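Asker: Okay, sequence plus prediction incoming.
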Amino acid sequence: MRDWPPKPNIRYKQAVFLDRDGTINVDTHFPHRLELLKFIPKAIHGMRILATLPLQIISVSNQSGIALGIFTLEQMSRFNAEIRSRVECTGGRIDAFYFCPHLETKYLSPGDSLCECSKPSPGMLLEAAREFELDLSKSFLIGDKTSDIAAGESVGCVTILVKTGKGGREEGALPVQPKYSANNLFEAALIVRSCLENESYT
């Protein structure tokens, strides 16, 4: 599901997909309160680098706190808007926010199936690709969980695992290998820039 913008502004055929909590902002366990929003060190620097590249910058995040009743859709939207505002004030940009409001695997009852948009399923990436007319094989995904990496790998994105947040060690971590690893979003942005300069997507 797309939280913002109301209508996609198509500028580029490639994208960098960013997990939100643990990659851009500190994961305070279901973050949704504006007063607790804090960016991970060097994340803003990374956002500034990504903003200079010919890529759509798209956040894709599981927000199962909505299904769990921890926060509302409106609270999530305000939190996203605050992230975007602060990023833009420092010279970065985020072109879209996609989210999954459904339960993640660890919260499902026995016999229940995971929805198609909750990572590691690639539903959010596929939706964004349709709406922004993207070439996923020349796009990137940056995240701190193996579920992020699995989603990106399943649709052919270049994947980068950052060591912030869960750092690939979340509960129920999946046996997947990212294409690259980076200490933080700043280093991941440098990798993306290098790949674009060298046209290296494999």
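Answerer: Arrived safely.
Asker: for the chain, longest strand please?
Answerer: strand 56-62 (DSSP state E).
Asker: Trp4 and Phe79 touch, don't they?
Answerer: No: counting by Cβ atoms under 8 Å, Trp4 sits too far from Phe79 to count as a contact (11.3 Å). C-beta: built from backbone N, CA, C; applies to glycine.
Asker: Please name the strands paired to the longest strand of the chain in the sheet, noting orientation.
Answerer: Applying DSSP bridges, strand 56-62 is found paired with strand 15-18 (parallel), strand 96-100 (parallel).
Asker: So which of Trp4 and Phe79 has more stuff around it?
Answerer: Phe79 (23 against 15; other Cβ atoms under 10 Å).
Asker: list the contacts for the more buried one?
Answerer: Pro31, His32, Arg33, Leu34, Leu37 (Cβ atoms under 8 Å, 6 or more residues apart in numbering).
Asker: contacting residues for the second one?
Answerer: Contacts for His32 were tallied using Cβ under 8 Å, 6+ apart; they are Gly65, Ile70, Phe71, Gln75, Met76, Phe79.
Asker: how about 6 Å then?
Answerer: For His32, the contacting residues are Phe71, Gln75, Met76, Phe79, by Cβ atoms under 6 Å, 6 or more residues apart in numbering.
Asker: any idea how far the first one is from Lys106?
Answerer: When distance is defined by Cβ to Cβ, to the nearest Å, Phe71 is 18 Å away from Lys106.
Asker: and these two? which has more neighbours close in?
Answerer: Phe71 (17 against 9).
Asker: Ramachandran coordinates for Gly152?
Answerer: phi -70, psi -40 (degrees, to the nearest 10).
Asker: Understood, closing this out.
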